[in-house]
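Q: My questions concern the predicted model and sequence given below.
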Amino acid sequence: MSTPRIALDGIRKSFPAPRGRQEKTTVLSDISLTLAEGEFVCLLGPSGCGKSTVLGMAAGFDQPDSGILLHDGEPIAGPSPQRGMVFQQPTLFPWLSVLDNVTFGPRMAGVPRERYLAEAERYLRLVGLQGFEHHATWQLSGGMRQRAALARAWMPNPEVLLMDEPFGALDAQTRLMMQELLTSVWQATGTSILFVTHDVDEALFLADRVLVMSARPGTIREELRVPFERPRSIESLVTDPEYARLKQRILHIVREEAGKSMLAENGLCPA
């Protein structure tokens, strides 16, 4: 078997307790997962289970208290252009044009314009923003801004893209369009994607595998392989009995884990 693009093995992570409390808050406990080359994996679970913490460590923004954290078999010691990050909000510079936002990284690195311009135009075409290169980002809709953020994240040609609920703030119709767009660009680039979501339908539409996390301290409670062939159509998926079975299973686990989380927050022990 080839070396996974990303591998977490036995990861444990705690954060300092609020002022006045001595005990640390354990966010992740013995979490292990892999992301293969070209694979699309969705990470799903109840609020507060540590999904974003997993992404942050995979990006190199933070380090675990214990366990192994690897990219292509090498320890992740900090951020790298080989691991791109896309957040829920586009985080674009409003005073720059779409093209200048997308090319911000190479421009700051002093790369000559002729070396990055064609690549930037390619990604803008892939995300459907050709003709909007010189628009200010505040002139764009929410979906278009997120498309610009996707193009910027893909601009360094990363091996891995880490996505933290990037479509969570969009309306349902735009969200579905963005899911279809993401799938098409992913298939065109072969990038490995680890995608955090709360939405079961989104996970089943996008992923090769869905990893369902437990309540805090988070660990991988269950892994489900998504058997549907690509390209996928949401209209055909929702009529598939296997889709209904998988959705029911994931919803059951998430509801169960969310219940445990609520009990813990109220100082109660689950039965």
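A: Happy to help now that I have it.

Q: all contacts plus neighbour counts: C-alpha atoms, from now on.
A: Noted.

Q: For the closest residue to Gly190 other than its chain neighbours, list the residues it contacts.
A: In this structure, Gly190 finds its nearest non-sequential neighbour in Gly38, 4.9 Å apart by CA to CA, 6 or more residues apart in numbering. Contact analysis of Gly38 by CA atoms under 8 Å, 6 or more residues apart in numbering lists Gly190, Thr191, Ser192, Ile193.

Q: By neighbours, which of these wins?
A: Ile193 (26 neighbours; other CA atoms under 10 Å).

Q: Show me what the mean pLDDT comes to for the helix or strand hosting that residue.
A: Using DSSP states H and E, Ile193 sits in strand 192-197. Here strand 192-197 scores 98 as its mean pLDDT.

Q: For it, which strands pair with it and how are they oriented?
A: strand 40-44 (parallel), strand 160-164 (parallel) (DSSP bridges).

Q: Name the residues that touch that strand?
A: Contacts for strand 192-197 (CA under 8 Å, 6+ apart): 5, 35-45, 51-52, 55, 159-165, 168, 186, 203.

Q: Now the buried members of the residues you listed.
A: 5, 35-45, 51-52, 55, 159-165, 186, 203 (16 or more other CA atoms under 10 Å).

Q: can you list the domain ranges for this structure.
A: Annotated domains of the chain cover 1-82+160-239, 94-157 [automatic domain parsing].

Q: Out of those domains, which is closest to Arg255?
A: domain 1-82+160-239 (7.7 Å; CA to CA).

Q: what about the helices in the stretch 101-250 of the chain?
A: Taking DSSP state H, counting those that start in this stretch as the criterion, the stretch 101-250 of the chain contains helices spanning 104-108, 113-126, 142-154, 172-189, 200-206, 234-237, 241-265.
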